[in-house]
Structure formats: C-alpha cells, structure tokens
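1. Kindly generate the corresponding structure for this input.
(one chain, ligands or ions: 1)
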Amino acid sequence: MIKLYWHPISGHAHRAHMLLSMLGLDFELIEVDLPAGEHQQAEFLALNPFGQIPVLVDGETIIADSNAILIYLAGVYDDNQSWLPEGPRDRAHVEQFLSLAAHRLAGSIAKLRAANLFNRTIDNEPLALEAYKLLAQLNGYLIERTWLVGAKPTIADLALYSYLKLAPEAGISLADSPDLQRWLTQVEALPGFVPMQVSNVGLNKNRS
Ligand SMILES: N[C@@H](CCC(=O)N[C@@H](CS)C(=O)NCC(=O)O)C(=O)O
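-> Residues are numbered from 1 along each chain as shown. From the prediction side, this is the model:
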C-alpha cells in the first residue's frame, strides 16, 4: 500500500493527502514526529536526505517534495490525465503555479503561519506585504476563471489550496479576495476532498 509520511499541520503534506484521496487510492498516513526531530533521524533521512515531509513511498519508489508527489501520483494513477494535462502549454501553466506555490506562497503565508504556530520572531511586515500582493494577483487571475489552468481542476489548484486556505492562521485576511474564496470553496467541493486541521493562531486566535 502507498505510504505518505506526513504531519497534520503541514500544508505541504496536505496537498499530497488531498490527491491520494481524490484519486481514490488506498494509502496509509504515517505521522512523523517533527517536534521530536524524527525527520532528522537516520531512518527518515534514508527516505529523504533533505529531512522534510511529505515523503511518498509506493513500492520501490520514493518521492520527496509535495509538488513532486503531485506530479508522480497524477502521472501514474490518473487514467484520464486530467490532474496533470498532457499538452505542453497546459503542462507549462501547471508548472508555473507549482513554482508559485514553492516560492512566493511558501515564502510568505507559509512562513508567517509557521512563525505563529511555533512562536518564532520574524520580520512580519515584508512577508505580509508579499502575501497581500500575491492574494490580490491571484484573486484578479481567478475573476474570469473557474480553475487555475484550463477548464478542470489540476494539481496546480491542489498545490496552492492548502496554504491559501491557511492564510488566516498566518494573520492574513482573505476578506478582500472574493474570487479566491469562491475557488477555495470549489476545491472543497471536489469528490475525495480532505480538510486541513485548523489551528488556533493568527486571525483564528480565540475564535470560538
Ligand atoms: N519543498 C518542500 C517543503 C516541505 C516542507 O517545508 N516541509 C516542512 C513541513 S511543512 C518540514 O518538513 N519541515 C521540517 C524541516 O524543514 O526541518 C515540499 O514541497 O515538500
């Protein structure tokens, strides 16, 4: 059975979890004890020498990195090739959003959220500016689009979903991004969707 090395508060792991579920695959979630440093121990480093979750193990195949896992699962298990379209233009557009998730989104909202979760002191202001700029750009992009690439959901949508949904935990409001919120709701309505664990930090703090 496919194994996903994972942690419930990781947005990177969440995107891989979503696709496993949406593809209807049999899989096992294996929680890696990040606070105890399990990801730095030899057994885990044998799976991913870079010491990060998520890692997917499918028989003899080991894939680390959330976006790489999305590409692998879509390539091997999606008979319709709709999660990762075949044509060079659509595929390039998907790659554009995977890069955006790995750089601008991970470098702004994901960092601000991690600082809130782990009480880290960081220079919030430039990251928050970047986060709001990114939200405004994505909201504008989505005004006339249903999905990020083409007419159907792709792994681009999953790669961006988790940390955009978690923006409030980063202290970043989605109130001025109505089309982005509509798109988040569409992802949540997809068959097999699994929700992300909610944490009581950022704008969620002290909300009942
Ligand atoms: N580029 C990686 C980033 C993964 C990542 O940042 N994982 C975090 C959890 S969300 C992690 O394992 N952190 C532990 C560490 O870096 O020591 C991916 O997309 O999978």
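2. Next, see if stretch 85-98 gets close to the ligand.
-> No: remark: stretch 85-98 sits outside contact range of the ligand, by Cβ under 6 Å from any ligand atom, the gap being at least 9.1 Å. (Each C-beta comes from the backbone N, C-alpha and C, glycine too.)
3. So what's the gap between that stretch and the chain middle?
-> 17 Å (Cα atoms, centre = their mean, to the nearest Å).
4. Please apply the same query to stretch 150-160.
-> A distance of 11 Å separates the centroid of the chain from that of stretch 150-160, by Cα atoms, centre = their mean.
5. now swap in stretch 76-85 and tell me
-> Put simply, stretch 76-85 sits 18 Å off its chain's centre (Cα atoms, centre = their mean).
6. how about the residues of the protein that lie near the ligand?
-> Residues of the chain lying near the ligand by Cβ under 6 Å from any ligand atom: Ser10, His12, Leu34, His39, Gly51, Gln52, Ile53, Pro54, Asp65, Ser66, Asn67, Ala102.
7. Export those residues to JSON lines and append columns for distance to Phe118, neighbour count and pLDDT.
-> Below are these laid out as JSON lines (distance: Cβ to Cβ, whole Å; neighbours: other Cβ atoms under 10 Å; pLDDT from 0 to 100):
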{"residue": "Ser10", "distance to Phe118": "13", "neighbour count": "22", "pLDDT": "97"}
{"residue": "His12", "distance to Phe118": "15", "neighbour count": "22", "pLDDT": "98"}
{"residue": "Leu34", "distance to Phe118": "10", "neighbour count": "15", "pLDDT": "95"}
{"residue": "His39", "distance to Phe118": "14", "neighbour count": "20", "pLDDT": "97"}
{"residue": "Gly51", "distance to Phe118": "16", "neighbour count": "14", "pLDDT": "98"}
{"residue": "Gln52", "distance to Phe118": "15", "neighbour count": "19", "pLDDT": "98"}
{"residue": "Ile53", "distance to Phe118": "15", "neighbour count": "24", "pLDDT": "98"}
{"residue": "Pro54", "distance to Phe118": "19", "neighbour count": "25", "pLDDT": "98"}
{"residue": "Asp65", "distance to Phe118": "22", "neighbour count": "19", "pLDDT": "98"}
{"residue": "Ser66", "distance to Phe118": "19", "neighbour count": "30", "pLDDT": "98"}
{"residue": "Asn67", "distance to Phe118": "23", "neighbour count": "21", "pLDDT": "98"}
{"residue": "Ala102", "distance to Phe118": "21", "neighbour count": "16", "pLDDT": "98"}
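8. Provide the contact partners of the lengthiest helix in the chain at residue level.
-> Ranked by residue count and defined by DSSP state H, the top helix of the chain is helix 124-142. Residues outside helix 124-142 that contact it (Cβ atoms under 8 Å, 6 or more residues apart in numbering): 100, 104-105, 107-109, 111-112, 115, 148, 160, 164, 167, 170-172, 174, 176-180, 182-183.
9. Filter the residues you listed down to the buried ones and hand me the ChimeraX line.
-> Selection of buried members from these for ChimeraX, criterion 16 or more other Cβ atoms under 10 Å:
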select :100,104,105,108,109,111,112,115,148,160,164,167,170,171,172,174,177,180,183
